[in-house]
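A.B. asks: A predicted structure for the sequence below; I have some questions about it.
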Amino acid sequence: MAKVTHNIEPVFDERSRILILGSIPSPKSREIGFYYGHKQNRFWRVLGEVLGVEIPENIEGKKALLLAQHIALWDVLAECEITGAADQSIKEAQINDLGRILKSAPIRQIFTTGKKAGELYQKLRHEDWPEKCIILPSTSAANAAYSKERLVESYRAILPYLKDGDEK
């Protein structure tokens, strides 16, 4: 068990319409300095298929893609104690200041990548933040119950919130 402090800045701007939250960056993500950095994590492949776009190889390209698609990306936790990347081992969790994004962007919906991230958001959220988040399945390779195709189907839930106008 190690104490981990979040070390990656959120990706968002004043046009972001959805906020996708993980729990806390994995050791590999912290090492490379960006989200979903482990090659076996399916997040970027799933997102590319859902959006119908090529996912850039580099971090700057991924940031630009997220912003162009009106997607904010961060994590629920600012710090915690965790064993490796095992969300179920999380203890002493401290929430990130999501108000930083929620005050700056017209976020229509918050999504979490995995059950633990959703539980942590619900438990630790500030009362002036949206009460409801939509919990999407984890894209970790450890989530073998979900094929890539099944993940893509689940992640299509983001699409209505990205459309222009007020429709959802």
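C.D. replies: Received, thanks. Residues are numbered from 1 along each chain as shown.

A.B. asks: which residues are in contact with the helix or strand encompassing residue 48?
C.D. replies: Element membership of residue 48 [criterion: DSSP states H and E] is helix 43-51. If you take Cβ atoms under 8 Å, 6 or more residues apart in numbering as the criterion, helix 43-51 is touched by 35-36, 54-55, 62, 69, 113, 139, 148, 151-152, 155-156, 158-159. (Each C-beta comes from the backbone N, C-alpha and C, glycine too.)

A.B. asks: repeat that for stretch 140-149.
C.D. replies: Under Cβ under 8 Å, 6+ apart, the answer for stretch 140-149 is 38, 40-42, 45-46, 49, 85, 114, 137-138, 154.

A.B. asks: show me which residues of it are buried.
C.D. replies: For stretch 140-149, the neighbour count (16 or more other Cβ atoms under 10 Å) marks 140, 143, 146 as buried.

A.B. asks: closest to residue 23 among these?
C.D. replies: residue 140 (10.3 Å; Cβ to Cβ).

A.B. asks: that older thread, in strands, which of the buried residues of stretch 140-149 fall?
C.D. replies: Counting by DSSP state E, the buried residues of stretch 140-149 place none of their members in strands.

A.B. asks: for these, which one is nearest residue 22?
C.D. replies: For these, the nearest to residue 22 is residue 140 (9.6 Å; Cβ to Cβ).

A.B. asks: pLDDT wise, what is residue 167 at?
C.D. replies: We have a pLDDT of 45 for residue 167.

A.B. asks: okay, which residue is most central for the chain?
C.D. replies: residue 21 (3.0 Å; Cα atoms, centre = their mean).

A.B. asks: secondary structure element holding that residue?
C.D. replies: strand 18-22.

A.B. asks: now that strand and helix 43-51, what's the angle there?
C.D. replies: Counting by axes from the mean of the first three to the mean of the last three Cα atoms, to 10 degrees, strand 18-22 points 150 degrees away from the direction of helix 43-51.

A.B. asks: and strand 18-22, what does it pack onto?
C.D. replies: strand 71-75, strand 109-113, helix 115-124 (3 or more Cβ pairs under 8 Å, 6 or more residues apart in numbering; DSSP states H and E).
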